[in-house]
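Novice: Predicted model and sequence below, questions to follow.
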Number of protein chains: 2
Amino acid sequence: MKLLEGAVDHGGSLGRARALFPDAPLPFVDLSTGINPHSYPLFDLPATSLSRLPEAGRARELTEIAARTYGAPSSANVVAAPGTQILLPCVASLARPGKVLVLGPTYAEHARAAAIAGHAVSEVNDFAALVEADLAIIVNPNNPDGRIIERDRLLALAAKLRAKGGLLVVDEAFMDVSPREHSLAGDVGQGGIVVLRSFGKFFGLAGVRLGFALSDTPTIERLEAQFGPWAVAGPALEYGIRALADIRWQDDMRASLANASVRLDALFGRFGVPVAGGTALFRYLSLPDAACLFSALGEGGILLRHFADRPAVLRAGLPGSENEWKRLESALAGWASRRDDGTREMAR
Amino acid sequence: MKLLEGAVDHGGSLGRARALFPDAPLPFVDLSTGINPHSYPLFDLPATSLSRLPEAGRARELTEIAARTYGAPSSANVVAAPGTQILLPCVASLARPGKVLVLGPTYAEHARAAAIAGHAVSEVNDFAALVEADLAIIVNPNNPDGRIIERDRLLALAAKLRAKGGLLVVDEAFMDVSPREHSLAGDVGQGGIVVLRSFGKFFGLAGVRLGFALSDTPTIERLEAQFGPWAVAGPALEYGIRALADIRWQDDMRASLANASVRLDALFGRFGVPVAGGTALFRYLSLPDAACLFSALGEGGILLRHFADRPAVLRAGLPGSENEWKRLESALAGWASRRDDGTREMAR
């Protein structure tokens, strides 16, 4: 992964964590991603899910269940892929090389993938500016700040882009835990819209690599042709089918994640760390001494996500076990007391 | 998979088999692929291989081991992907849209993927004609007939293509069991060559989805950038690392597959079915009444691979268990005795 190394960090690498904080107590409490620490219950996979080619009928079941759970018009509006990541350059290639505008700051891979697809890519901070694009990309809710664009505004933008042959891509990687009434999953039949959904984050199964694109049927057929048969591995098919159909688990998990995120905000609040946004899978911290907090927690074996180009913000995923909550609490307490000592020192 | 359904059959679908032969005794003996029926021993995966993002360090280990086992100059000449299939349009896109020549008849997905990448694609039957291509594609050994092009001839072609800015793609999906001295894995540093290797066939783990492209470093970096981080799923990383490093298993398996393919030829020979080629993972049958044999065996629950456009040839994978060998033998015996009765009938 030479090109990528040291280039863009996305969190989630314990190797990188060990290099950054060689003296930290192990194991790391990895809060550097937005991946649910309470994964969907693991089960024994049939041996044939590894040994045999993934069965076309099983792949069809998966897109049918995904269509139902995500609220797409039908399975003809859904293509499954080995992770959302690998979809990005393919989706960017749906538009002829032109002007791509990404509503930022956001997940860096969109701009990178669009550039690979031959587009001229800019990041804009103003939603209204997106209308100038041939291909507009919005992460909704946004990563890392959790900003939500309402469905009505998205549909109005999609209509304007569509009228000139443009395309709106909405990455709903964290929509499972968010006000789902703003999802465009049900609107993709109109054309000119691609919605991306990520399986691994909400279900806590990032290793299986499973993601979906939702769009109008001709677009889905084009993407399917590109991925060819057997795009989704056997284990991903089995977990995808079972977990996406398990609405009860999903509803319970949504409630439990919402509680955990409230608890996390309260914990940060107790130590004077301001939470400026986020979703129920991660919180967005904005403070002038973010770099100090990142280092102090890192040395305590608590890994947050920092952003090389934005030193005053951090992202924090949810702790899983009670032990992880305790380790976070005590690391925060240590940092806060050193900070307060420093403040007193300066005031003397 | 709408676009693909009914379009190209590649074998390996039990759903399709049930539809074709609804009255066949179950379970099917699936000889419709070239996948090793004796898969690498399954082992328990760490839960984190499913729950966590695939670790960059582990992905690096995989490409290092793959480079060693396949004989590439270094891991900088190897990119791992979720299956060879998904690499095809990416590899075809390495060349600007131009003239693609595929040495045929062969695996149909190459022509399809090249067309998706915007090339004008033709199949040629003459190796010498490939020099006219911007991008030439050879499956070596060939699927389904096992034809092998010698390394010297391939290198001479690669040099000619390279001199005019062209590219040679050699799909070595079945090279693990074949005269490996004709692999170009060690030559990819010269530039203008992409070698594709498939993990799932020889190791009998088609469901994990793992494939490799071997090429010069700039090409590998370009492909890596396109796939992004986490292209290979956690289970594929674990199986890839362990199985590719297990040279002992590989050597033993090569010997055992060679024996099995000799045994299969003898069995077909006993019933007057001429074996015209193949590799140690599949045999290539050429007979005027191939369609009858396909149907007769299919009704007996034995699944061969037939080719819609070549009614006089079939491909047969290796039976796994002794029970599968016995079922094949008795189905062949039944077919042969009906054939001989028919012949006598006609002679009367």
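Specialist: Looks like it arrived, so ask away.

Novice: Any regions of chain A where pLDDT drops low?
Specialist: A:1-8, A:346-348 (pLDDT under 70).

Novice: how about the helices in it?
Specialist: Assigned by DSSP state H, the helices in chain A fall at A:14-20, A:48-51, A:56-70, A:87-92, A:109-116, A:151-163, A:217-227, A:234-245, A:247-270, A:290-299, A:322-347.

Novice: Of these, which is nearest residue B:318?
Specialist: Residue B:318 lies closest to helix A:48-51 among the helices of chain A, at 13.6 Å (CB to CB). To be clear about C-beta, it is placed using only N, CA and C from the backbone, and glycine gets the same treatment.

Novice: for the closest one, packing partners?
Specialist: If contacts are counted by 3 or more CB pairs under 8 Å, 6 or more residues apart in numbering or on different chains; DSSP states H and E, helix A:48-51 sits against helix A:234-245.

Novice: now what about the helix it packs on, what contacts it?
Specialist: Under the contact criterion CB atoms under 8 Å, 6 or more residues apart in numbering or on different chains, helix A:234-245 has outside partners A:40, A:43, A:45-46, A:48-50, A:52, A:54-55, A:58-59, A:61-62, A:65-66, A:69, A:80, A:82, A:199, A:203, A:205, A:208-210, A:232, A:249, B:50, B:207-209, B:233, B:235.

Novice: Can you pull up the most central residue in chain A?
Specialist: residue A:173 (4.3 Å; CA atoms, centre = their mean).

Novice: wouldn't that residue be in contact with residue A:139 here?
Specialist: Yes. Contact status for residue A:173 versus residue A:139: in contact at 7.0 Å, counting by CB atoms under 8 Å.

Novice: what residues are shared contacts of these two?
Specialist: Residues touching both residue A:173 and residue A:139 (CB under 8 Å, 6+ apart) are residue A:107.

Novice: ok, back up a step: can you put the helices of chain A in TSV and add mean neighbour count?
Specialist: Formatted as TSV, the helices of chain A follow (neighbours: other CB atoms under 10 Å in any protein chain shown):
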stretch	mean neighbour count
helix A:14-20	16
helix A:48-51	21
helix A:56-70	20
helix A:87-92	25
helix A:109-116	21
helix A:151-163	16
helix A:217-227	19
helix A:234-245	24
helix A:247-270	15
helix A:290-299	18
helix A:322-347	14
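
Novice: Which residues of the stretch 201-348 of chain A lie near chain B?
Specialist: A:204-209, A:220-221, A:224-236, A:239 (CB under 8 Å from any CB of the partner chain).

Novice: separation between residue A:280 and chain B?
Specialist: To chain B, residue A:280 is 18 Å away according to CB to the nearest CB, to the nearest Å.

Novice: burial of that residue, as a residue count?
Specialist: Residue A:280 has 26 neighbouring residues, counting by other CB atoms under 10 Å in any protein chain shown.

Novice: Kindly report the same for residue A:194.
Specialist: Look at residue A:194: counted by other CB under 10 Å, it has 27 neighbours.

Novice: Turn the helices of chain A into CSV, including distance to residue B:270.
Specialist: As requested, the helices of chain A are exported to CSV (distance: least, CB to CB, whole Å):
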stretch, distance to residue B:270
helix A:14-20, 56
helix A:48-51, 29
helix A:56-70, 35
helix A:87-92, 50
helix A:109-116, 55
helix A:151-163, 65
helix A:217-227, 43
helix A:234-245, 36
helix A:247-270, 55
helix A:290-299, 70
helix A:322-347, 65
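
Novice: how about those helices, which one is nearest residue B:289?
Specialist: Nearest of the helices of chain A (CB to CB): helix A:56-70, 28.9 Å.

Novice: looking just at contacts, which helices and strands does the closest one meet?
Specialist: Where contact means 3+ CB pairs under 8 Å, 6+ apart, helix A:56-70 is packed against strand A:78-81, strand A:193-198, strand A:211-214, helix A:234-245, helix B:14-20.

Novice: Between the ones you listed, which one is closest to residue A:287.
Specialist: Evaluated with CB to CB, those place strand A:193-198 nearest to residue A:287, the distance being 28.1 Å.

Novice: Just grab the bridge partners of residue A:285 for me.
Specialist: Counting by DSSP bridges, residue A:285 forms beta bridges with residue A:275, residue A:314.

Novice: try residue A:211
Specialist: residue A:81, residue A:198.

Novice: That one and chain B, how far apart?
Specialist: Distance, residue A:211 to chain B, by CB to the nearest CB: 11 Å.

Novice: Likewise for residue A:306?
Specialist: Per CB to the nearest CB, residue A:306 is found 17 Å from chain B.

Novice: what number of residues lie near that residue?
Specialist: Number of residues near residue A:306 (other CB under 10 Å) recorded here: 21.

Novice: Can you verify my assumption that it contacts residue A:295?
Specialist: No. Taking CB under 8 Å as the definition, residue A:306 is not a contact partner of residue A:295, at 9.1 Å.

Novice: just to revisit the earlier point, how about the helices and strands packed on helix A:56-70 in a markdown table, adding distance to residue A:18?
Specialist: As requested, the helices and strands packed on helix A:56-70 are exported to a markdown table (distance: least, CB to CB, whole Å):
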| stretch | distance to residue A:18 |
| --- | --- |
| strand A:78-81 | 31 |
| strand A:193-198 | 26 |
| strand A:211-214 | 28 |
| helix A:234-245 | 27 |
| helix B:14-20 | 45 |
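
Novice: Which one, of the ones you listed, ends up nearest to residue A:288?
Specialist: Per CB to CB, nearest to residue A:288 of those: strand A:193-198, 32.0 Å.

Novice: Next, report how far the closest one is displaced from the centre of its chain.
Specialist: Centre-to-centre, strand A:193-198 and its host chain are 12 Å apart (CA atoms, centre = their mean, to the nearest Å).

Novice: again, but for stretch A:134-141
Specialist: In terms of CA atoms, centre = their mean, the centre of stretch A:134-141 is found 14 Å from the chain centre.

Novice: Give me the residues contacting it.
Specialist: Contacts for stretch A:134-141 (CB under 8 Å, 6+ apart): A:92, A:94-96, A:98-103, A:106-107, A:110, A:114, A:119, A:127, A:130, A:147-149, A:154, A:157, A:161, A:165-175, A:178, A:182, A:279.

Novice: Buried only: go through these for me.
Specialist: Buried subset of the contacts of stretch A:134-141 (neighbour count, 16 or more other CB atoms under 10 Å in any protein chain shown): A:92, A:94-95, A:99-103, A:106-107, A:110, A:114, A:119, A:130, A:147, A:149, A:154, A:157, A:161, A:166-175, A:178, A:182, A:279.

Novice: Residue A:232 - how many residues pack around it?
Specialist: Other residues close to residue A:232 by other CB under 10 Å number 30.

Novice: show me what contacts it?
Specialist: Contacts of residue A:232 (CB under 8 Å, 6+ apart): A:54, A:59, A:62, A:80-82, A:210, A:240, B:209.

Novice: Those into TSV, with extra columns for distance to residue B:215?
Specialist: TSV is the format used below for those (distance: CB to CB, whole Å):
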residue	distance to residue B:215
A:54	27
A:59	30
A:62	32
A:80	28
A:81	23
A:82	21
A:210	28
A:240	32
B:209	20
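
Novice: between those, which is closest to residue A:266?
Specialist: Proximity of the contacts of residue A:232 to residue A:266 (CB to CB) peaks at residue A:210, which lies at 33.2 Å.

Novice: No further queries at this time; thank you.
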